[in-house]
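1. give me the fold of what follows.
(2 chains)
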Amino acid sequence: MGGREANVVLLDENGIRSDGRKVNETRKVTIKAGVLKNAGGSAYIEFGGNKILAGVFGPRDVHPKHMSNPDTGILRVRYHMEPFSVDERKKPAPSRREIEISKVITEALTPAVILEKFPRTAIDVYLEVLQADGGTRCAALAAASVALADAGIPMRDLVSACAAGKAADAIILDVNNEEDQAGQADMPIGYMPNLGKITLLQLDGVLTTDEFKKCIELGLEGCKQVYEIQKSALREKYFSSGDNN
Amino acid sequence: MTNLSIIDKLKRSKILDLLQEGKRIDGRALDESRPLVIDTGVIPHANGSARARLGDTEIVSGIKVQPDRPFPDMGDKGIFMCTAEILPLAHPSAETGPPQPPVIELARVVDRGIRESGMIDLSQFVLEKDKAVIGLFADCVVTDHDGNLFDACSYAAVAAIITSTVPKWEMKDDKPTLIEDQESPTPITTIPVSVTMGRIGEFIIVDPNLDEWECLDARITITTNSDGNIVALQKGGDDGFSVEQLVKCSELSIVSGKKIREIIKQATEGTQ
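-> Model (predicted):
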């Protein structure tokens, strides 16, 4: 398997992971809605060591014009990592990995957004990874949903996200960077809990079909927990203390 | 599915009508792949090669093996890389120029399926630890596009890899030096098989052709290894799947993958 080595203890004899979590526990997730002044909607998420900003613009005119669609609005997502977000400096230009992740996040959000209401316009979502710690695409997707809702864009549901995977032969929830590098499988999931629809799913690593089913089950539990945090971030902004700038 | 052209909308409704009766537009069963034909050794100058035809989708894949520097964090492993490109002669909509996101995704998904299966034993590709290793490059080009490039590229690349041979290099004066006429078969541990399925309405179809591809609600590519385990997976398309649909897809990918693995085995038998 691509460079995976087992020189770190991913799971000790008491079933505790390298960062002190149990197998079915997510890292600490905090989300704040409405953190940017200029964006139509925004959110900041801390998902374990991940720190990600999401900003939404639009619906607005489409440039280049030929991309506009008279039947529907279009959703465009750019996922981008800052050069200082990882151990070794990342070149600032978008990598092939970032282009692929932008595409899968776009496809994960599109079913949630009621784009038909905004023909000939674009909604742009910018996702900036300030610090990466494994599972950035899930964290970015969760933040993007909150930012879209914060922008007042009509949605069918929030898209929630969390990864499941396998490390030290155990099925684990919310794979961290260490477990991603040295573990056996990583499966990010994006999920609309109210509609029961999985809109992002990727996997690398080896799983039996039974393990695959268990991973989905566990991952969806994680998604539901993140969903509650997403909702409370929006509630916090719009329903608490009368301060809603 | 609001971003379809009128023709695509008509096609979609025709395809859906047929699916209600349990039929597909080209007469296949819902869980049936198109016929797969693989020819190997089609590019004698390459270290291994294959042409795969999946229905009317055609791919040529060639292997090049050459000494390289290892990745900094993987000094004890050789390099494997798989690329994919849609040639401008493959379809009227194909354009020259830098690759667009769908093509980047295609190349990365094909690469991931093969890489994550551990198909090639890269630990045998080390000439000098942390300094010099052997790199195996599998480049796929689409010469005719009739949908489901993911699977067709993967089959061509896998067949080409199985039939490839690795020249012998030795370190002399700190440089890899070629030893003539001492080729050995590429060390293979498993045969990964990618199976792509699409969802149209409530129907799951295996190996969508281009007509079907253009009106899918969502698609999923699942790669399995020779032991019947899942090694890689990618969901695509502007909608999602329910858990039940995904479980069904995982089962379909194993059944369909088994049949295709046999075709690849037969096509590559005794060719190394």
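2. drop to CA atoms for contacts and neighbour counts, all remaining ones
-> Will do.
3. which parts of chain A sit against chain B?
-> Residues of chain A found near chain B (Cα under 8 Å from any Cα of the partner chain) are A:1-3, A:69, A:71-72, A:96, A:99-100, A:103-104, A:106-108, A:110-111, A:116, A:196-209, A:212-213, A:216.
4. ok, now with 6 Å
-> Contact residues, chain A versus chain B (Cα under 6 Å from any Cα of the partner chain): A:1, A:3, A:100, A:107, A:110-111, A:197-199, A:201-208.
5. helices - which of those land there?
-> With helices defined by DSSP state H, the entries of the residues of chain A next to chain B inside them are A:100, A:107.
6. select only the buried ones of the residues of chain A next to chain B in PyMOL?
-> Buried members of these, defined by 16 or more other Cα atoms under 10 Å in any protein chain shown, are picked up in PyMOL with:
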select buried, chain A and resi 1+100+107+110+111+197+198+199+201+202+203+204+205+206+207
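7. now, the residues of chain A next to chain B that are in strands?
-> A:197-199, A:201-207 (DSSP state E).
8. which one of the residues you listed is nearest to A:Met81?
-> Using Cα to Cα, A:Gln202 comes nearest to A:Met81 of those, at 19.5 Å.
9. can you pull the contacts of that closest one?
-> A:187-188, B:233-234 (Cα atoms under 6 Å, 6 or more residues apart in numbering or on different chains).
10. can you pick the most crowded of these?
-> Compared across the contacts of A:Gln202, A:Met187 has the highest neighbour count, 27 neighbours, by other Cα atoms under 10 Å in any protein chain shown.
11. tell me what the residue nearest to it when sequence neighbours are not counted is bridged to.
-> Among residues not flanking A:Met187 along the chain, A:Leu203 sits closest, at 4.3 Å (Cα to Cα, 6 or more residues apart in numbering or on different chains). When assigned by DSSP bridges, A:Leu203 has beta-bridge partners B:Leu233.
12. A:Leu203 and B:Leu233 touch, don't they?
-> Yes - between A:Leu203 and B:Leu233 there is a contact at 4.7 Å, judged by Cα atoms under 6 Å.
13. quick one: the strands in the chain?
-> In the absence of a named chain, this looks at chain A. Counting by DSSP E, chain A has these strands, from start to end: A:29-33, A:41-47, A:50-61, A:74-81, A:121-131, A:160-167, A:170-173, A:185-192, A:197-207.
14. I was thinking of chain B, sorry if that wasn't clear
-> B:36-40, B:48-54, B:57-68, B:79-86, B:126-128, B:132-144, B:165-172, B:175-185, B:193-200, B:203-206, B:218-224, B:230-236.
15. so the last one versus strand A:185-192, what angle?
-> Going by axes from the mean of the first three to the mean of the last three Cα atoms, to 10 degrees, strand B:230-236 is angled at 30 degrees with respect to strand A:185-192.
16. and the stretch 51-200 of chain B, which of its residues are near chain A?
-> Contact residues (Cα under 6 Å from any Cα) of the stretch 51-200 of chain B with chain A: B:74, B:105, B:116, B:118.
17. what number of residues lie near A:Glu25?
-> So A:Glu25, with other Cα under 10 Å, has 17 neighbours.
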